[in-house]
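# For reference, the sequence and a predicted model appear below.
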Amino acid sequence: MELRFLGCGDAFGSGGRFNTCFLVRAARASFLIDCGASSMIAMRKFEIDPNEIDCVLLSHLHGDHFGGLPFFLLDAQLASRRSKPLVIAGPPTTERRLLDTMECLFPRSSKIDWRFDLRIVEMAAGTSWHDGPVSVTPYLVRHQCGAPPFALRIACDGKTIAYSGDTEWTDSLIDAARDADLFICEAYFHDKKVKFHLDLETVLEHLDEIRPKRLVLTHLSPDMLGRADVGANVGVDVGADVDWTVAEDGMVLTV
């Protein structure tokens, strides 16, 4: 299974990075984890065919995590001429929020008679959901966004990818990411404690409880980006036997 970081930035384009969007290519499925506002630009830059994507999994409903969907859908209808089905799975209220956003950006676009089968699924915290070979379990986290925010635990091809979404520390991250083959985790600040976001120091304090096989830090603020030039350690001793690094737009990992 291959994962490509199409975007790993924050909401403000810090460091010139695209908004959050991860592409996973498995043996029998290709799916996105989040689809931030700049995702179509990132797909064009990295020469990704949007029509290869079977499913979009959303952690939460902030623009830098789901705001690319109106552009993705209109591209599918008008430019890429999509014909195969598409599933969008996110937190409760995803359908209403998406249609409202489409109407704000492109009036009457939510009323389109889609040329492809579009299915919008609203997942429930703690309940696993399946789409073909992909299994997703959302865990409730702490992030103010107008709808329940999720960390996601995704199983496919015998591998597990966990993603923190945006959140301050909560013990549900331990269940979401325990022993995962890959844990993609927000590290917005280095050691500054703020509501609704994680700092690296806090993540490292709990790493022995989570025990992922690999940790990749994402959604970095200028504070963290200023430290990233020291390499994967970001100036901190991990204190656990974990392979870890900092995400970059375009980076590809084999899981």
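Received the coordinates, thanks. Numbering: from 1, shown residues only.
# Could you name the helices and strands sitting against the helix or strand of the chain with the lowest mean pLDDT?
Lowest by mean pLDDT, DSSP states H and E among the helices and strands of the chain is strand 243-246, with a mean of 82. Applying 3 or more C-beta pairs under 8 Å, 6 or more residues apart in numbering; DSSP states H and E, one finds that strand 243-246 contacts strand 214-218. C-beta: built from backbone N, CA, C; applies to glycine.
# and the strand it packs on, which strands flank it?
Sheet pairing of strand 214-218 (DSSP bridges) gives strand 182-186 (parallel), strand 243-246 (parallel).
# Let's have the ones you listed in TSV, adding mean neighbour count and distance to L200.
What follows is the strands paired with strand 214-218, written out as TSV (neighbours: other C-beta atoms under 10 Å; distance: least, C-beta to C-beta, whole Å):
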stretch	mean neighbour count	distance to L200
strand 182-186	27	9
strand 243-246	17	10
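# for these, which one sits closest to T202?
Among the strands paired with strand 214-218, strand 182-186 comes nearest to T202, with 10.3 Å by C-beta to C-beta.
# Could you save the strands paired with strand 214-218 as TSV and add columns showing distance to L217?
Listed next are the strands paired with strand 214-218 as TSV, based on distance: least, C-beta to C-beta, whole Å:
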stretch	distance to L217
strand 182-186	6
strand 243-246	5
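# which one of those lies closest to L57?
strand 182-186 (12.2 Å).
# got the contact list for the closest one?
With contacts defined as C-beta atoms under 8 Å, 6 or more residues apart in numbering, strand 182-186 is touched by 3, 22, 33, 159-167, 173, 177, 197-198, 203, 210, 212-219, 247, 253, 255.
# before we move on, what about stretch 93-112?
58, 61, 66-67, 69-70, 73-74, 77, 88, 120-122, 146-147.
# How about stretch 115-132?
Against stretch 115-132 from outside (C-beta under 8 Å, 6+ apart): 28-29, 31, 54-55, 73, 76-77, 81-95, 98, 135-140, 148, 150.
# The residues you listed in helices, which ones?
Secondary structure assignment by DSSP state H places L73, T94, E95, L98 of those in helices.
# these two touch, right, V24 and F5?
No - counting by C-beta atoms under 8 Å, F5 is not a contact partner of V24; they are 10.7 Å apart.
# Would you agree N51 is in contact with A76?
Yes - counting by C-beta under 8 Å, A76 is a contact partner of N51 at 7.3 Å.
# shared neighbours of those two, anything?
The contact sets of N51 and A76 overlap at R82 (C-beta under 8 Å, 6+ apart).
# between the two, who's got more neighbours?
The residue with more neighbours, out of N51 and A76, is A76; 21 against 16, by other C-beta atoms under 10 Å.
# hang on, A177 packs against A162?
Yes - assessed by C-beta under 8 Å, A177 is found in contact with A162 at 3.6 Å.
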